[in-house]
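**Student:** here are the coordinates; sequence isn't available:
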């Protein structure tokens, strides 16, 4: 009898042995997985420069003998923690910037307390961010500050820059930042004013629970958690795969609640009325038009972003008033654009090339 095409009977014992060994390793590594806590994240040495309510300002300790003149302030999204940009040595965006000679600060968030449910959009844009910028100026001794905003941190940075357009912001970098909220298709459907009573929600619960926010993200790809767990089991013998899985899974599920009034403003002003895109946005009674931003800006978008699709982000550069502006589309998704092996090869070198010449 002839062997089926591509099958060598002599290889069968070796293949069986290989599968048996892999099954044994899965069992051993499975026990290790549940008995260990995973890698320590966010370990780049830093000091807490200031902490107030839901806001924390970090200053990372230099790793280079020569430092660029202009310090960098990273503004995180208010739903997520900042350690996605500081995973582990060798996969830390913060560490990369420090080794390239940047003076790095980060505006990170903690869960708002029940009594902070009244925090408004203006508290974030006209209080927290300006406060951090002033403290960066005082600590660094420099008046100019470059701002990097990730996702909704980019939206907050755009609002700040459009209002304080003659202020200390020297450069602005946005990662995967939406401005046309009509194109956030599923989020737009979730928050449809015909069915979603945001006033009743906020008046009833105060701060919006993290479980609700996490569920909305997971509904964008309903099967993703199941698929990822299957992939984990299939690769649990692979230490590097497990390490990466644990890092990203921990961050993805470490979602923060949102202050009630702040969430109400996001829903009504951005999701319902699309005011930022329509040039009718105001914060604290002050007009926030993107055309007022005149500083150099780089916008990095991901080719396969399921959270902020390109249609929601593509008009940002056109609406900015600066002459020095650039959009770059890179391979990756919403998270892999900024963190992990993909970011190490693509986004980080691009940002360094762009920002370095504008930081002297």
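**Tutor:** Arrived safely. Keep in mind the model is a prediction, meaning the values are calculated, not measured.

**Student:** and the residue nearest to the spatial centre of the chain, backbone torsions?
**Tutor:** With distances taken as Cα atoms, centre = their mean, the residue of the chain nearest its centroid is residue 150 (4.4 Å). Main-chain torsions, residue 150, degrees, to the nearest 10: phi -100, psi 120.

**Student:** hmm, residue 173 and it touching each other?
**Tutor:** No: Residue 150 lies out of contact with residue 173 (Cβ atoms under 8 Å); the separation is 9.3 Å. Bear in mind the C-beta positions are built from the backbone N, C-alpha and C, glycine included.

**Student:** and residue 347, how many neighbours?
**Tutor:** Residue 347 has 23 neighbours, counted by other Cβ atoms under 10 Å.

**Student:** what of residue 292?
**Tutor:** Using other Cβ under 10 Å, residue 292 has 16 other residues around it.

**Student:** how about the contacts made by it?
**Tutor:** Residues in contact with residue 292 (Cβ atoms under 8 Å, 6 or more residues apart in numbering) are 161, 162, 163, 165, 321.

**Student:** of all these, which two lie farthest apart?
**Tutor:** Spanning the widest gap among those are 163 and 321, at 13.2 Å by Cβ to Cβ.

**Student:** those two - which one has more neighbours?
**Tutor:** The neighbour comparison of residue 163 against residue 321 (other Cβ under 10 Å) goes to residue 163, with 22 against 15.

**Student:** and the more buried one, what does it touch?
**Tutor:** By Cβ under 8 Å, 6+ apart, residue 163 lies in contact with 125, 126, 283, 286, 287, 288, 292.

**Student:** phi first, then psi, for it.
**Tutor:** Backbone torsions of residue 163, given as degrees, to the nearest 10, read phi -90, psi -50.

**Student:** ok, it to residue 282 distance?
**Tutor:** To residue 282, residue 163 is 9 Å away according to Cβ to Cβ, to the nearest Å.

**Student:** overlap of the contact sets of the two?
**Tutor:** Residues touching both residue 163 and residue 282 by Cβ under 8 Å, 6+ apart: residue 288.

**Student:** ok, residue 340 touching residue 244?
**Tutor:** Yes: counting by Cβ under 8 Å, residue 340 touches residue 244, with 6.8 Å between them.

**Student:** shared neighbours, the two?
**Tutor:** Among the neighbours of residue 340, none is also in contact with residue 244 (Cβ under 8 Å, 6+ apart).

**Student:** so what's the residue count around the closest residue in space to residue 273 that isn't next to it in sequence?
**Tutor:** Excluding the flanking residues, the one nearest residue 273 by Cβ to Cβ, 6 or more residues apart in numbering is residue 280, at 7.3 Å. Residue 280: 13 surrounding residues under other Cβ under 10 Å.

**Student:** name the element residue 280 belongs to?
**Tutor:** Here residue 280 sits in a region with no helix or strand, counting by DSSP states H and E.

**Student:** quick revisit: how much space between the closest residue to the residue nearest to the centre of the chain other than its chain neighbours and residue 334?
**Tutor:** Spatial nearest neighbour of residue 150, excluding adjacent residues (Cβ to Cβ, 6+ apart): residue 175 at 4.6 Å. According to Cβ to Cβ, residue 175 and residue 334 sit 9 Å apart.

**Student:** neighbour count for those two, which is higher?
**Tutor:** Counted by other Cβ under 10 Å, residue 175 and residue 334 do not tie: residue 175 has more neighbours, with 27 against 20.

**Student:** hang on, the more buried one packs against residue 155?
**Tutor:** No: at 11.3 Å, residue 175 does not count as touching residue 155 under the criterion of Cβ under 8 Å.

**Student:** re the thing from before, is it true that the residue nearest to residue 273 touches residue 270?
**Tutor:** No: the pair residue 280 / residue 270 is not scored as a contact, 11.1 Å apart, by Cβ under 8 Å.

**Student:** on that earlier part again, identify the contacts common to residue 175 and residue 334.
**Tutor:** Listed as contacting both residue 175 and residue 334 by Cβ under 8 Å, 6+ apart are residue 151.

**Student:** where does this structure dip in pLDDT?
**Tutor:** In the predicted model, the chain carries pLDDT under 70 at residues 1-12, 14-37, 214, 216-233, 235-237, 243, 245, 247-248, 250-252.

**Student:** hey, where'd the strands end up in the stretch 101-250 of the chain?
**Tutor:** Secondary structure of the stretch 101-250 of the chain (DSSP state E, counting those that start in this stretch): strands at 104-109, 145-150, 169-175.
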